[in-house]
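Trainee: Got a predicted structure plus its sequence, pasted below:
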Amino acid sequence: MTLRHSWWGFAGAIMIVLLSQSATQMKPLTAANARHLSYEVSLPVRLPPARTLATAPGGRTATSVSATARLAHAGAMRQLLGAGLRWRSSGHCTDRTQPNCTSLEGLRYGTLSQAIELKRRSDCRIVVTGGTEVGHNSGRYSHENGYKLDIAHNPCIDAYVTRRFGYWTTRGDGARMYRPEAARDADVYADEANHWDILFR
C-alpha cells in the first residue's frame, strides 16, 4: 500500500512539472495572433479603447482626441455602431484600396463626431455607405482626406436636410447642395442620386 502511494506521488509530481512547463511555453492570446485561430473557435478579443486608436499627425497617439485626429477603421466602426449609426458596403468589404468597399480608415475624428451629432439631432436612421476608400473625387476636403462621408437616402434624413439647411447652389454634376449657413467654412450636403455626399469641416 505504501509503495502504491509512492508511485502515485512520483507520477503526480512529474505531471505537475510537465503541466507547468507547457503553461510557461503557451503564448498569450492577443489581437495579433487571434486571427490564426480556427473560425470554429469563438474567443473574445478585446480591442483597445477607441481613444488609443486615434493618432495625431506624425503617428503619435492622441492623448485627447482632437477633430484632426485620424481613426483606425476598427475604432471608428465601433464608435459609429455604438452611437446607433449603421454601415453598408456594396462589396461587403472594408479595404480602403477598393472602390466597392466602405472604409473608415483614416477618417477624421471631427467627421465621425459630426456624423454622430447629425444622428442625434435628426433622430433619423443614418447608414454610412461611403468613407475614405478610393473612387471619390480628390482634393483637400475629400473622402480620401477624411472630411467626407456618404449616407444613404431615406425620407427622414432627406426631409431633415432640405428643411433645416438652406439650398446653396447646384454642383457641376447636377447635385443640389445645402448648407447650414452662408459661412464659407460650413458643412455641405450634396444631394446625389442614391446618397447624401456630406462634407464635415
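Mentor: Sure thing, it's come through.
Trainee: so where do the strands sit in the protein?
Mentor: With strands called from DSSP state E, the chain shows them at 54-55, 70-71, 86-87, 107-108, 127-130, 148-152, 166-170, 176-179, 188-191, 195-199.
Trainee: Can you add mean pLDDT and distance to Gln79 and give those back as JSON lines?
Mentor: In short, each C-beta sits where N, CA and C put it, glycine included. Formatted as JSON lines, the strands of the chain follow (pLDDT from 0 to 100; distance: least, CB to CB, whole Å):
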{"stretch": "strand 54-55", "mean pLDDT": "46", "distance to Gln79": "10"}
{"stretch": "strand 70-71", "mean pLDDT": "94", "distance to Gln79": "8"}
{"stretch": "strand 86-87", "mean pLDDT": "96", "distance to Gln79": "11"}
{"stretch": "strand 107-108", "mean pLDDT": "96", "distance to Gln79": "10"}
{"stretch": "strand 127-130", "mean pLDDT": "97", "distance to Gln79": "12"}
{"stretch": "strand 148-152", "mean pLDDT": "98", "distance to Gln79": "13"}
{"stretch": "strand 166-170", "mean pLDDT": "93", "distance to Gln79": "29"}
{"stretch": "strand 176-179", "mean pLDDT": "95", "distance to Gln79": "25"}
{"stretch": "strand 188-191", "mean pLDDT": "96", "distance to Gln79": "22"}
{"stretch": "strand 195-199", "mean pLDDT": "97", "distance to Gln79": "17"}
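Trainee: Please identify the most buried of those strands.
Mentor: strand 107-108 (a mean of 27; mean count of other CB atoms under 10 Å).
Trainee: which residues touch it?
Mentor: Applying CB atoms under 8 Å, 6 or more residues apart in numbering, the contact partners of strand 107-108 are 67-71, 76, 131-132, 145-147, 149, 200.
Trainee: now do stretch 134-150
Mentor: Contact partners of stretch 134-150, identified using CB under 8 Å, 6+ apart, comprise 70, 96-100, 106-108, 111, 115, 128-133, 192, 195-201.
Trainee: Between the two ends of it, how far is it?
Mentor: In stretch 134-150, first residue to last residue: 13 Å (CA to CA, to the nearest Å).
Trainee: Flag every buried residue along it.
Mentor: Within stretch 134-150, the residues that count as buried by 16 or more other CB atoms under 10 Å are 136, 143-150.
Trainee: now do stretch 109-129
Mentor: Neighbour-count burial for stretch 109-129, counted by 16+ other CB under 10 Å, picks out 109-112, 114-116, 118-119, 124, 126-129.
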